[in-house]
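**Student:** got a sequence here, can you model it:
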Amino acid sequence: MKNIFKRLGIFIEKRHLIIFVIGLLLIVPAIFGAMQIEMATGTETFISTDSTVYKDYDRFNQQFSGSVVLIMLADDDLNQLLHPHNIAAMDAIETEMGSSPHVISSVGPAMFVKHELDQDTIPDDPEAVFAAVTDPATGEIKPQLRPVFPDDEHALIFITLDGKLERGIQRDFANEVMAMVEDADFDGIDEVIVSGGPVFMNELEDMMSGNMQKMFLLSIVLMLVILAVIFKVRGFFAWRWLPLGVVFIGIAYAFGIMGVLSIHMTMVSMGAFPILIGLGVDYAIQFHNRYDEESRRGETVADAIIDSVSNIGPTIGIAIATACLGFAALFFSPVPMIQEFGYGLIIGVAACYVLSMFFLTSILHWHRSRRAISKSKSDQKIKKPLMQGRHWLDSGLHRLAPWVIKNPVYILPIALILSVAGLVADFHIETETDEKKFIDHDIQFMQDLHAIEDIASGITYLNLLVEDEDVITPSVLNWMKQTEDRISEDYSDIIAKTESVADHIVDANDGELPQDSREIEELLETVPPMTRHNLVSEDGTLANVIFTLSKSEGSEMRNITKKVKEYVSDNPPPDGGSVSVTGEPVIQIKLMDSLTSGREEMTIIGIGIVFLGLIFFFRFKILRVFQAILPIALIIGWSSGVMYLLGIKYTPMTATIGALIIGIGVEFTILLMMRYNEERKKGIEVKESMIIAMTTVGRAIIASGLTVIGGFGTLLIADDFLILRDFGIVTLVNVFFALVSTLFVLPTLMVLIDSWREKRRLARIL
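**Tutor:** Just a heads-up that it's a prediction; the model follows:
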């Protein structure tokens with residue numbers, strides 16, 4: 001392998017100008033490709049489109065929908081809410097929205113008032129409107145109007161969007177609703193709030209874009225500071241920042257490829273950006289550091305380029321390949337956005353590696369060649385002590401190494417005990433899948449969402465999709481009504497209300513369900529079209545039974561969904577009909593199950609793939625593979641312990657941490673191992689080889705680790721985006737653990753094993 005990289009080094013040395021120009025020119029198509037990346041927040045990012053759960057949900061959305069924009073008007077005076085002027089303004093919104101081809105139903109106070117008065121317009125008489133809404137005997141709001149007048153201080157408008165709409169159309173429509181409400185001619189209303197699923201998604205996407213911009217700017221600042229303090233190389237001060245510039249080009253390449261391959265930007269994959277900055281700078285530092293080391297030995301420009309590529313190229317190549325194998329474990333997750341996260345990481349680290357080896361070394365060649373013009377060849381070839389002008393970090397590592405080597409009896413048992421304790425704690429870490437809880441609840445749009453949830457008794461809907469040749473028969477309608485009554489009675493603590501076409505037919509027939517099909521059809525025509533469209537299909541083969549849940553916590557949703565499935569399984573629709581339980585709760589439960597099982601599977605598969613890859617890379621030297629993996633495998637337990645202590649839950653992002661830390665951490669262990677083995681091949685004894693390895697490559701590893709930490713650290717500024725903040729905390733801790741394990745556990749383990757092997761070898765000789 002070293003010969004292959006030596007030939008690459010010769011090629012780079014001879015063609016450095018061409019490589020530099022090509023590298024710059026490729027930025028243009030890369031930027032164009034990056035512009036093709038689209039934000040994705042839909043259901044298809046959470047669960048596989050091949051799953052039964054998704055197919056049921058998609059079939060449901062082909063006819064009905066659970067995507068609702070809600071408008072809430074609040075005023076402490078019911079007369080003000082019922083003023084004809086305000087009801088007319090509501091009517092204008094309901095009518096215009098209801099006429100949109102994107103809307104299944106538009107239901108609100110105006111529709112109910114007109115239905116009660118049996119007329120098509122809103123009267124100017126306030127008393128007439130008040131009489132239509134309230135019971136003359138009690139003065140209370142009529143029971144049938146409670147869906148839109150939940151109390152005396154609030155009115156609700158429900159706009160149900162077509163479930164088949166693409167996300168972009170939903171986004172535009174939600175913005176249109178908000179603009180119309182803002183321009184509405186409401187008189188004296190205290191507060192008007194627009195919320196619901198589509199509005200929430202709009203705010204979520206806007207927050208994602210805003211956080212990415214902030215993370216980009218902060219990552220630049222952090223990398224500049226870290227490289228200025230930690231990374232010392234020959235040349236003027238600004239050359240410390242060369243790796244950062246190269247990495248930005250590499251990330252542009254990566255995003256360009258992602259755009260061409262139609263890899264979406266999701267809540268998870270956006271986390272790849274700071275990761276790639278950290279890892280990319282890491283790779284560039286390794287090449288730059290090794291080149292600088294060769295230059296300090298007094299080598300010519302050509303020799304320094306060739307030797308640095310041939311020496312560090314294979315090492316970083318093995319580390320990159322191993323990291324990609326670890327990231328490949330993400331493909332085994334059943335969650336699509338985690339799979340896309342894996343693609344983004346692999347593409348990104350590969351692009352950064354190629355840029356570091358070719359583009360960065362070409363720049364170094366050009367820079368050093370210019371400096372060399374004024375120097376004689378004899379000056380260039382004067383050999384200088386490697387440790388001359390030692391960096392303060394080198395000195396610290398030189399003192400640390402002997403202590404680490406001498407104390408395996410403390411280091412290894414403590415590391416193992418902490419890992420086992422963390423793995424035990426892992427069983428007690430909860431999983432969070434409710435995307436609404438990924439956001440800080442103090443944000444205004446989250447407060448609006450919760451306000452509407454409280455007044456509307458919940459905006460989470462569990463749906464029964466009933467399918468039959470004719471769902472408008474007495475037997476099927478009776479089954480719907482019985483199912484609603486039984487389930488809502490048994491689970492009144494979580495089911496706030498139910499709705500089906502059977503309810504409306506019963507209400508229109510004075511509380512009785514007709515047994516004559518012709519009479520049912522006549523009564524069905526009295527149900528307002530805007531209400532009917534989301535309850536029964538035009539051809540009468542599909543029906544939607546809606547359960548509104550007052551609680552959206554995972555345990556409650558799981559329990560009620562399980563009970564509903566059991567009930568409809570034991571009590572199926574009559575006459576050969578079928579029923580599917582679907583809706584947002586079913587999607588969230590599927591996601592939770594995928595994260596729980598997929599997380600453990602990804603970690604195990606990641607360790608297995610990396611193990612097999614290292615066996616190949618290390619030419620079937622099992623002991624060496626064991627030495628590379630064990631220090632990183634221990635971190636998985638340490639990480640779980642920290643998550644448990646900090647109360648951090650597993651989310652679609654933190655669920656990837658096992659595969660990520662294997663991919664990131666094994667690079668550090670490989671770098672130290674390869675440098676140690678390089679010294680051992682020179683005939684240097686075990687302990688001295690480790691001291692040299694820790695001193696020479698240790699600073700680069702620490703600089704690399706800190707840049708990765710800096711990249712992840714940018715996630716902490718997403719304080720409104722709790723899913724990113726928690727991921728940032730966990731990954732920061734894990735990368736720090738990777739450094740600790742590489743500089744403490746690995747040297748101790750390697751010296752202990754190699755010293756034992758050396759003693760056995762000498763014993764056999766004697």
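
**Student:** tell me the contacts of the most centrally placed residue in the chain?
**Tutor:** Using CA atoms, centre = their mean, the residue of the chain that lies closest to the mean C-alpha position is residue 268, 1.8 Å off. By CB atoms under 8 Å, 6 or more residues apart in numbering, the contact set of residue 268 is 337-338, 340-341, 652-653, 656. (Each C-beta comes from the backbone N, C-alpha and C, glycine too.)

**Student:** how about 6 Å then?
**Tutor:** 337-338, 341, 652-653 (CB atoms under 6 Å, 6 or more residues apart in numbering).

**Student:** and those as JSON lines, adding pLDDT?
**Tutor:** Shown next, in JSON lines, are the contacts of residue 268 (pLDDT from 0 to 100):
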{"residue": "337", "pLDDT": "84"}
{"residue": "338", "pLDDT": "82"}
{"residue": "341", "pLDDT": "85"}
{"residue": "652", "pLDDT": "74"}
{"residue": "653", "pLDDT": "73"}
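
**Student:** the residues you listed, buried ones only, as a PyMOL selection?
**Tutor:** Only the buried entries of the contacts of residue 268 go into this PyMOL selection, using 16 or more other CB atoms under 10 Å:
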select buried, resi 337+338+341+652+653
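
**Student:** now distance to residue 699 and secondary structure too, for the contacts of residue 268, in JSON lines please.
**Tutor:** Converted to JSON lines, these look like this (distance: CB to CB, whole Å; DSSP: H, G, I helix; E, B strand; the rest coil):
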{"residue": "337", "distance to residue 699": "37", "secondary structure": "helix"}
{"residue": "338", "distance to residue 699": "34", "secondary structure": "helix"}
{"residue": "341", "distance to residue 699": "31", "secondary structure": "helix"}
{"residue": "652", "distance to residue 699": "36", "secondary structure": "coil"}
{"residue": "653", "distance to residue 699": "31", "secondary structure": "coil"}
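
**Student:** how much space between the residue nearest to the centre of the chain and residue 337?
**Tutor:** From residue 268 across to residue 337, the span is 5 Å (CB to CB, to the nearest Å).

**Student:** could you do residue 651 as well?
**Tutor:** 11 Å.

**Student:** could you list the low-pLDDT ranges of the stretch 401-550 of the chain?
**Tutor:** By pLDDT under 70, the low-scoring segments of the stretch 401-550 of the chain are 435-436.

**Student:** likewise the chain?
**Tutor:** Using pLDDT under 70, the flagged stretches of the chain are 41, 230-238, 267, 271, 367-392, 435-436, 551-554, 596-597, 766.

**Student:** for the stretch 151-300 of the chain, just list every one of the strands.
**Tutor:** With DSSP state E, counting those that start in this stretch, the ranges of strands along the stretch 151-300 of the chain come out as 154-161, 191-196.

**Student:** against which helices or strands is the longest one packed?
**Tutor:** With contacts defined as 3 or more CB pairs under 6 Å, 6 or more residues apart in numbering; DSSP states H and E, the secondary structure elements packing on strand 154-161 are strand 68-74, strand 103-107.

**Student:** which strands and helices sit next to the first one?
**Tutor:** Right, the one you point to is strand 68-74. strand 154-161, helix 167-183, strand 191-196.
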